[in-house]
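Student: starting from these lines, generate the structure:
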Amino acid sequence: MAKGITAGYLPLGAVMVDEAIAKSFDDKPLPLGLTYSAHPVSCAAAVAVLDIYEEDNLLENTVQMGQYMDEQVAQLRRHHPSIGDWRNTGLFGCLELVKNRETKEPMAPWNATNDQMVVMNQVAAKIRALGMYTFVRWSYIFICPPLTITKDEIDEGLAIISEALEIADKHTY
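Tutor: This next block holds a predicted model:
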């Protein structure tokens, strides 16, 4: 993990493992190094960020808003035939767009060339034109809002995505 530890303000990387794996290194060294590990200023920023996560109940908000987003995307899926799949953990989600839900043919194949990205580029451009930036790659729309997001903000963002999905829906069969 990296950026989230310091909220992106300073470089810091970390490795987290469960207790069973950690205990296996109680008696032997773990020779590894991370490019951005153990810098005292970055570690101080990380402690401050983790304190904010706790004080502002951001993890609880992530769970609640993630569930809300799942419910709202389920409604979008009923309206948009181009949504083939929705994967989400907390507030880290991804819409997968397809040309056909039965065959699961992607709207753009993995590692698509420019000419295979026409529809997805139009979807991405529409999202940006409507005032939102999110990562669109191949046939995926990544939805990864800040942990402080509210239901109203989720609704606003999904309304923008819904409008852009009208483009992709025209290319389904």
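Student: rest of the way, CA atoms for contacts and neighbours
Tutor: Fine.
Student: skip the chain neighbours and tell me the closest residue to Ala38.
Tutor: Of all residues beyond its chain neighbours, the one nearest Ala38 is Leu12 (7.6 Å), with distances taken as CA to CA, 6 or more residues apart in numbering.
Student: need the contact list for that neighbour.
Tutor: 2-3, 5-6, 36-39, 42-43 (CA atoms under 8 Å, 6 or more residues apart in numbering).
Student: switch the cut-off to 7 Å
Tutor: The contact partners of Leu12, by CA atoms under 7 Å, 6 or more residues apart in numbering, come to 2-3, 6, 36-37, 42.
Student: try Gly4
Tutor: Not one residue lies near Gly4 by CA under 7 Å, 6+ apart.
Student: in a helix, it, correct?
Tutor: Yes. Assessed with DSSP: H, G, I helix; E, B strand; the rest coil, Gly4 lies in a helix.
Student: which parts of this structure are strands?
Tutor: 83-89, 92-100, 105-106, 136-137, 140-143 (DSSP state E).
Student: can you give me the domain assignment for the protein?
Tutor: 3-55, 58-169 (automatic domain parsing).
Student: the longest helix along the chain - what's its average pLDDT?
Tutor: Longest helix in the chain, counting residues (DSSP state H): helix 58-79. Averaging pLDDT along helix 58-79 gives 97.
Student: buried stuff in that helix?
Tutor: By neighbour count with 16 or more other CA atoms under 10 Å, helix 58-79 contains the buried residues 58-59, 61-62, 64-70, 73, 76-77.
Student: same question, stretch 105-117
Tutor: Neighbour-count burial for stretch 105-117, counted by 16+ other CA under 10 Å, picks out 106-108, 117.
Student: okay if I get the residues you listed as CSV plus pLDDT and distance to Gly90?
Tutor: Shown next, in CSV, are these (pLDDT from 0 to 100; distance: CA to CA, whole Å):
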residue, pLDDT, distance to Gly90
Pro106, 97, 24
Met107, 97, 25
Ala108, 97, 26
Met117, 97, 28
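Student: hmm, back to that, for the contacts of Leu12, which one is nearest Asp27?
Tutor: Ser37 (22.2 Å; CA to CA).
Student: confirm for me that the closest one is in contact with Pro11.
Tutor: No. Checked against CA atoms under 7 Å, the pair Ser37 and Pro11 is beyond contact range at 8.4 Å.
Student: neighbour count winner among those two?
Tutor: Pro11 (20 against 15; other CA atoms under 10 Å).
Student: give the contact list for the residue nearest to the more buried one when sequence neighbours are not counted.
Tutor: Using CA to CA, 6+ apart and skipping residues adjacent in sequence, the residue nearest Pro11 is Tyr36, 5.9 Å away. Remark: with contacts taken as CA under 7 Å, 6+ apart, Tyr36 is in contact with 11-13.
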